[in-house]
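S.K.: based on what follows, work out the 3D shape:
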Amino acid sequence: MEKFKIVRNTIFLFLIVANIGCDQISKSVVREHLEYHEQIPLAGNHVLLTKVENSGAFLSLGDELGPVSKTLLLNLLPALTMLGLLFWLFQGKASRGIAIGVCCVIGGGIGNIIDRVAYGSVTDFLYIHYGFFRTGIFNFADVSITFGALFIIALGIWEERKLV
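M.R.: Now for the predicted structure:
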């Protein structure tokens, strides 16, 4: 049983590190090769690459906070949350599906925390618009967090329907 825990936790760490790596590599490429607000159209102009720095959280929420509040709410609280999720994940009580979703949330969360600590802001660079559907500018960490959360919700709905 102990060997199983080691393998399981190694897989979890791999998924988390893969999410962080994809996020940090993509942001590094954007920082190095795009000018601020430069726009590179992709996918028939429905996807744009454009570099912005977000000193707040999701959709710049908290951007106007003072330095102490920003440190507490955008660095310390998320870091403690990621540590708590890691601890919970390694307890082995989550189903495989939930664990995969949590790994995505942790990896994306850590990716954005790294940016805030290293640069004082988070590099965002993707914008999607198709007809009436438009996003804010986001990054791979945001995709990872959103995918993980939606995956967990979908699994919860799926499991609830199976019980009825």
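S.K.: show me the shaky parts of this protein.
M.R.: Along the chain, the model assigns pLDDT under 70 to residues 1, 58-63, 163-164.
S.K.: try it again with 90
M.R.: 1-2, 4, 43-45, 55-75, 93, 158-164 (pLDDT under 90).
S.K.: can you give me the helices for it?
M.R.: Counting by DSSP state H, the chain forms helices over residues 2-33, 67-70, 77-90, 96-119, 140-163, given from the N-terminal end onward.
S.K.: buried residues of the first one, list them for me.
M.R.: Neighbour-count burial for helix 2-33 flags 12-13, 15-16, 19-20, 22-24, 26-27, 30 (criterion: 16 or more other C-beta atoms under 10 Å). No exception for glycine: its C-beta is placed from N, CA and C like everyone else's.
S.K.: how about the helices of the chain in a markdown table, adding distance to H129?
M.R.: Listed next are those as a markdown table, based on distance: least, C-beta to C-beta, whole Å:
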| stretch | distance to H129 |
| --- | --- |
| helix 2-33 | 19 |
| helix 67-70 | 29 |
| helix 77-90 | 28 |
| helix 96-119 | 22 |
| helix 140-163 | 16 |
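S.K.: nearest to V52, out of the ones you listed?
M.R.: Using C-beta to C-beta as the criterion, the shortest distance between V52 and those is 9.7 Å, found for helix 2-33.
S.K.: give me the helices and strands touching that closest one, please.
M.R.: Counting contacts by 3 or more C-beta pairs under 8 Å, 6 or more residues apart in numbering; DSSP states H and E, the secondary-structure elements packed against helix 2-33 are strand 47-54, helix 77-90, helix 96-119, strand 122-130, helix 140-163.
S.K.: now render those as TSV, adding distance to K70.
M.R.: Output for the helices and strands packed on helix 2-33, formatted as TSV (distance: least, C-beta to C-beta, whole Å):
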stretch	distance to K70
strand 47-54	12
helix 77-90	11
helix 96-119	8
strand 122-130	12
helix 140-163	18
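S.K.: sounds good, over and out.
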